[in-house]
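K.L.:
Give the three-dimensional model of this entry:
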Amino acid sequence: MPKVKRGRKPPPDGWDLLEPTLEDLTRQMREAENESHEGKRKAETSWPIFRIHHQRSRYLYEMYYRRHAISKELYEYCVANGHADANLIAKWRKTGYEKLCCLRCIQPRDTNFGTTCVCRVPRANLDEDKVIECLHCG
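P.N.:
Take a look at the predicted model:
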């Protein structure tokens, strides 16, 4: 997450409410990026990064669309400065995509058979005793 550039324009009102959480998630992201990759599959190395990215975007989505705790100006400021993924939030607003974990899971070109990811299959249609992990985000 990029640092807040305070030299140009001060952040909108309400930034004090979001700043501690976003700084904590930034710290977690740095730790995940610097984590050792030894003993992990190639796909597993990016899973913590995807989870933190999802968590950061979901936090801003909840604050703006669900709780109405922040203003539109502050939300747009956060999206413009890279604190949230606008495309992922746009999908969450559509019906059927409320629990989407990442945008790669709905892209058919990223799968072997041209379908969506296994995490998009309803739990009722999967075997109960078999553990299935999403290849993209775990």
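
K.L.:
CA only for contacts and neighbour counts going forward, please
P.N.:
Will do.

K.L.:
which helix is the longest one in the protein?
P.N.:
helix 15-34 (DSSP state H).

K.L.:
Could you list the low-pLDDT ranges of this protein?
P.N.:
Under the criterion pLDDT under 70, the flagged ranges of the chain are 1-8, 110, 116, 118, 120, 135-136, 138.

K.L.:
where exactly do the strands run in it?
P.N.:
Taking DSSP state E as the test, none of the chain falls into strands.

K.L.:
ok, the residue most central in space within it to Tyr97 distance?
P.N.:
In the chain, the residue lying closest to the centroid (C-alpha atoms, centre = their mean) is His54, at 1.7 Å. According to C-alpha to C-alpha, to the nearest Å, His54 stands 13 Å off from Tyr97.

K.L.:
same question, Glu38
P.N.:
From Glu38 to Tyr97 the distance is 34 Å (C-alpha to C-alpha).

K.L.:
between these two, which one's more packed in?
P.N.:
Using other C-alpha atoms under 10 Å, the more surrounded residue of Glu38 and Tyr97 is Tyr97, with 15 against 8.

K.L.:
pretty sure the more buried one contacts Lys91?
P.N.:
Yes: here Tyr97 reaches Lys91: they are 5.9 Å apart, a contact under C-alpha atoms under 8 Å.

K.L.:
Skip the chain neighbours and tell me the closest residue to the residue nearest to the centre of the chain.
P.N.:
Cys101 (6.6 Å; C-alpha to C-alpha, 6 or more residues apart in numbering).

K.L.:
Look at the one you found and say how many residues are nearby.
P.N.:
Other residues within reach of Cys101 by the criterion other C-alpha under 10 Å amount to 23.

K.L.:
hang on, the earlier thing: just checking, the residue nearest to the centre of the chain touches Cys102?
P.N.:
Yes: assessed by C-alpha under 8 Å, His54 is found in contact with Cys102 at 7.0 Å.

K.L.:
And for Trp92, the neighbour number?
P.N.:
Neighbours of Trp92 (other C-alpha under 10 Å): 17.

K.L.:
Find me whatever residue is spatially closest to it, sequence neighbours aside.
P.N.:
Glu98 (4.5 Å).

K.L.:
quick one: the one you found and Pro20, what's the gap?
P.N.:
Plainly put, Glu98 is 26 Å away from Pro20 if you go by C-alpha to C-alpha.
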